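Asks: Sequence first, then the predicted structure:
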2 protein chains.
Amino acid sequence: MHEVQKQYKALTELAKTTELRSSAVADQLAHLCSEAAKFAEELTIEEVNSKVSGKRYGVLRRAADGKRSRPINLDRYDAKLAEEFLDTRGLADIEDLKTDERGCLLYSMVMSFCAANDILKSGDQKSPGTFFEIFVGHLFSAKYELDPMKHIQVLNLDADSKLPTDFIFDLGPEKSKIHLPIKLSTRERVVQVWAHQRVLDGVFGTERFKGVLVILAETNYQGKDNSVVEVCLPKQWAVYQMFIARMFRVYYLDVPDKYRELGKLYPFIQVRDFADFFDEADKIVGPPETL
Amino acid sequence: MHEVQKQYKALTELAKTTELRSSAVADQLAHLCSEAAKFAEELTIEEVNSKVSGKRYGVLRRAADGKRSRPINLDRYDAKLAEEFLDTRGLADIEDLKTDERGCLLYSMVMSFCAANDILKSGDQKSPGTFFEIFVGHLFSAKYELDPMKHIQVLNLDADSKLPTDFIFDLGPEKSKIHLPIKLSTRERVVQVWAHQRVLDGVFGTERFKGVLVILAETNYQGKDNSVVEVCLPKQWAVYQMFIARMFRVYYLDVPDKYRELGKLYPFIQVRDFADFFDEADKIVGPPETL
């Protein structure tokens, strides 16, 4: 087993027994991402034909067997920088950086592991998903100094019912609670996010939970012409925001421009860079702004 | 290419150019299922360890390479009967049968193709899904003498928006319209069905569309002990029915008992055998019953 996979295994075991917000989880995430970045640095990056306006994409390629990784946004990715930052500072220091630099570093950390895992283990979507959930879950937990729940009791007159959910942060009666789904990409499955928000609204009162969706990217590699596209369904998102529930924020590590535009028109879905979260974390759980 | 696959291809091409309710589609469905049943009859059925109380399951096995099909409910399956019925009568005559017999025949037709395709083409989930959508879509279309739509215009003050949906039947102002999602199985993806119903309720008025979900089965084969389980999430379904939208009917070709029970308690999700549809088709689109 490669060192990256060993460290991934150690992370998942640690996350089962230790608080997600703990510095032990931060250190293990840093160690894993640093190892993955080292592995990634030794591979060639091949630029591919980007069909996404204004963005350059590439894939990691292992010469020995020709295996390639998922698409990587070349303007955001710097494995060396991520490795140095993690080795000399640590995940907690990400907050001290300027928002732009923070965004690139977070993207590089996450993508180092995902791309390394693509090469090391064929057809494995589960590990990158679990890793990303722990990565984002840790950053939220550390920021709010509180671990999330993964089940929630649903009020039911005749029977007990526990609804499995995405991460839920309950910051007490004076703050908004947070409903935090975390996805590598969404496509047609995204309606689940709005549906779960709708259930929480129905059970606990509208917008008692602020819905915050965190997504890695919407890129798709097409083998036939060695190209990368972004798969976006902005009109469907608008319909969900109008008729199912309201999501408060959608954060991407690699924001599709088509979704960023959604913030400008009704129903005003606020799609932003995940780096922005650290600057507005208090606003998310604070009282609504008055007019 | 095997004859079953040729006939499947012919069906998908026919469905693109011909009305779904046409007798041409009925004939091609009958021809395909009959060919699949012939193929299935030549294979061995191996009983497996059923962990589903009160139901016996088996798989088709091809001796030459050991390939196996998805689980088959042995008490409902009779490929020979399906083949004879299709060769001597036809799909339209299914209505004339008693409900029990009709249920077994429909199950045998659908399962013959799905199981045959499992053996003939490894890892192909798309063909059984497409086949099942055409099969059920045809039976609904023929019953209501009307072809379904697959897109619907969503009212939007500032912009045009077309929402891709499952099948929609618009029977005019004096009848309920039908929202018809069709799935081989559901698992955690099922929340999509309630979410889409919610959008239709929001856009066009609550329960203007009757939600009718048709599912093949919820069985899962487990290699480790050669067993079959049913994967059911009845408490989650109840939460969706309470807080997202109301589905009017859920029909199965192989009903899980845990879901059938849902009809007895609030929120009263009516889960029935798909054979029942033919007896209550008028009720689905008729006015609500008075107290």
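Replies: Perfect, I can see it now. Residues are numbered from 1 along each chain as shown, chains lettered A, B, ... in the order given.

Asks: Need the mean per-residue confidence for stretch A:170-190.
Replies: Per-residue pLDDT values across stretch A:170-190 average out to 92.

Asks: Equivalent analysis for stretch A:253-261, please.
Replies: Confidence for stretch A:253-261, expressed as mean pLDDT, is 96.

Asks: go on, stretch A:121-129?
Replies: 93.

Asks: how long is it from one end to the other?
Replies: End-to-end distance for stretch A:121-129: 14 Å, by C-alpha to C-alpha, to the nearest Å.

Asks: Do any residues in that stretch lie close to chain B?
Replies: No: applying C-beta under 8 Å from any C-beta of the partner chain, one finds stretch A:121-129 separated from chain B by no less than 11.1 Å. For glycine as for every other residue, the C-beta is placed from the backbone atoms N, C-alpha and C.

Asks: With stretch A:210-230 instead?
Replies: No: counting by C-beta under 8 Å from any C-beta, no contacts exist between stretch A:210-230 and chain B, the nearest distance being 13.7 Å.

Asks: May I see the buried residues of that stretch?
Replies: Buried residues in stretch A:210-230, counted by 16 or more other C-beta atoms under 10 Å in any protein chain shown: A:210-219, A:227-230.

Asks: what does stretch A:39-46 give?
Replies: Within stretch A:39-46, the residues that count as buried by 16+ other C-beta under 10 Å are A:39-40, A:43, A:45.

Asks: what about that stretch, distance to the chain center?
Replies: Between the centre of stretch A:39-46 and the centre of its chain there are 23 Å (C-alpha atoms, centre = their mean, to the nearest Å).

Asks: Tell me which residue of the stretch 1-150 of chain A lies closest to chain B.
Replies: Per C-beta to the nearest C-beta, A:Gly123 is where the stretch 1-150 of chain A lies closest to chain B, at 11.1 Å.

Asks: quick one: which helix or strand includes that residue?
Replies: If you go by DSSP states H and E, A:Gly123 is not part of any helix or strand.

Asks: any idea how far it is from B:Gly129?
Replies: Separation of A:Gly123 from B:Gly129 (C-beta to C-beta, to the nearest Å): 20 Å.

Asks: For those two, indicate the residue with more neighbours.
Replies: Counted by other C-beta atoms under 10 Å in any protein chain shown, A:Gly123 and B:Gly129 do not tie: B:Gly129 has more neighbours, with 16 against 6.

Asks: Go through stretch A:284-291 and flag the buried ones.
Replies: In terms of neighbour count (16+ other C-beta under 10 Å), stretch A:284-291 has its buried residues at A:284-285.

Asks: so which of the buried residues of stretch A:210-230 comes closest to chain B?
Replies: Using C-beta to the nearest C-beta, the buried residues of stretch A:210-230 come closest to chain B at A:Gly211, 13.7 Å.

Asks: which residues does the closest one contact?
Replies: A:Gly211 is in contact with A:179, A:181, A:193-194, A:197, A:200, A:245-249, counting by C-beta atoms under 8 Å, 6 or more residues apart in numbering or on different chains.

Asks: Okay, and it sits in which element?
Replies: Using DSSP H and E, A:Gly211 falls within strand A:209-215.

Asks: Would you indicate which residues of the longest helix seen in chain A are buried?
Replies: Counting residues, the longest helix in chain A under DSSP state H turns out to be helix A:99-120. Judged by neighbour count using 16+ other C-beta under 10 Å, the buried positions of helix A:99-120 are A:102-120.

Asks: Give the other helices and strands that it contacts.
Replies: Helices and strands in packing contact with helix A:99-120 are listed as helix A:3-17, helix A:23-41, strand A:57-61, strand A:72-73, helix A:79-88, helix A:126-144, helix A:277-285; criterion 3 or more C-beta pairs under 8 Å, 6 or more residues apart in numbering or on different chains; DSSP states H and E.

Asks: Show me which residues of the stretch 151-291 of chain A are close to chain B?
Replies: Taking C-beta under 8 Å from any C-beta as the criterion, the neighbours of chain B within the stretch 151-291 of chain A are A:154, A:156, A:158-159, A:161-164, A:188-189, A:191-192, A:194-196, A:198-199, A:201-203, A:235-236, A:238-240, A:242-244, A:265-266.

Asks: For ChimeraX, what selects the buried ones among these?
Replies: Remark: buried members of these, expressed as a ChimeraX selection using 16+ other C-beta under 10 Å:
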select /A:154,156,161,163,191,192,194,195,196,198,199,201,202,203,235,236,238,239,240,242,243,244
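
Asks: quick one: A:Leu39 and A:Ile119, what's the gap?
Replies: If you look again at residue A:39, you'll see it is Phe, not Leu. Plainly put, A:Phe39 is 8 Å away from A:Ile119 if you go by C-beta to C-beta.

Asks: Distance of the closest residue in space to A:Cys232 that isn't next to it in sequence relative to A:Ile269?
Replies: Closest residue to A:Cys232 in three dimensions, ignoring its sequence neighbours and counting by C-beta to C-beta, 6 or more residues apart in numbering or on different chains: A:Lys258, at 4.2 Å. Using C-beta to C-beta, A:Lys258 is found at 11 Å from A:Ile269.

Asks: Repeat that for A:Cys104.
Replies: A:Cys104 sits 24 Å away from A:Ile269, taking C-beta to C-beta as the criterion.

Asks: just A:Val229 next, same as before
Replies: Following C-beta to C-beta, the distance that separates A:Val229 from A:Ile269 is 21 Å.

Asks: likewise A:Arg70?
Replies: The gap separating A:Arg70 from A:Ile269 is 25 Å, by C-beta to C-beta.

Asks: Could you measure from A:Lys258 over to A:Gln222?
Replies: Taking C-beta to C-beta as the measure, A:Lys258 and A:Gln222 are separated by 18 Å.

Asks: Just give me the neighbour total for the nearest residue to A:Ala115 once chain neighbours are set aside.
Replies: With C-beta to C-beta, 6+ apart as the criterion, A:Ala115 has its nearest non-adjacent residue at 3.6 Å, and that residue is A:Ser69. A:Ser69 sits with 24 neighbouring residues when counted by other C-beta under 10 Å.

Asks: Please apply the same query to A:Leu81.
Replies: When neighbours are defined as other C-beta under 10 Å, A:Leu81 has 15 of them.

Asks: Would you check that it makes contact with A:Leu105?
Replies: Yes: taking C-beta atoms under 8 Å as the definition, A:Leu81 is a contact partner of A:Leu105 at 6.6 Å.

Asks: sec struct for A:Tyr251, please.
Replies: For A:Tyr251, the reduced secondary structure class is strand; criterion used: DSSP: H, G, I helix; E, B strand; the rest coil.

Asks: So what sits opposite it in the bridge?
Replies: A:Val214, A:Arg272 (DSSP bridges).

Asks: separation between A:Gln7 and A:Ser112?
Replies: Using C-beta to C-beta, one gets 12 Å for the distance from A:Gln7 to A:Ser112.

Asks: residues shared between the contacts of those two?
Replies: A:Ala36.

Asks: For A:Asp257, the count of nearby residues, please.
Replies: A total of 13 residues lie near A:Asp257 under the criterion other C-beta under 10 Å.

Asks: Contact partners for it?
Replies: Here A:Asp257 is in contact with A:53-54 (criterion: C-beta under 8 Å, 6+ apart).

Asks: Can you give me the distance of it to chain B?
Replies: 18 Å (C-beta to the nearest C-beta, to the nearest Å).

Asks: same deal with A:Tyr252?
Replies: Distance of A:Tyr252 to chain B, given as C-beta to the nearest C-beta: 22 Å.

Asks: I figured that residue hits A:Leu213, correct?
Replies: No: the pair A:Tyr252 and A:Leu213 does not pass the contact test of C-beta under 8 Å, sitting 9.2 Å apart.

Asks: what number of residues lie near the closest residue to A:Arg56 other than its chain neighbours?
Replies: Leaving aside its sequence neighbours, A:Arg56 sits nearest to A:Leu74 (C-beta to C-beta, 6+ apart; 4.3 Å). Summarising burial for A:Leu74: neighbours were counted as other C-beta under 10 Å, giving 15.
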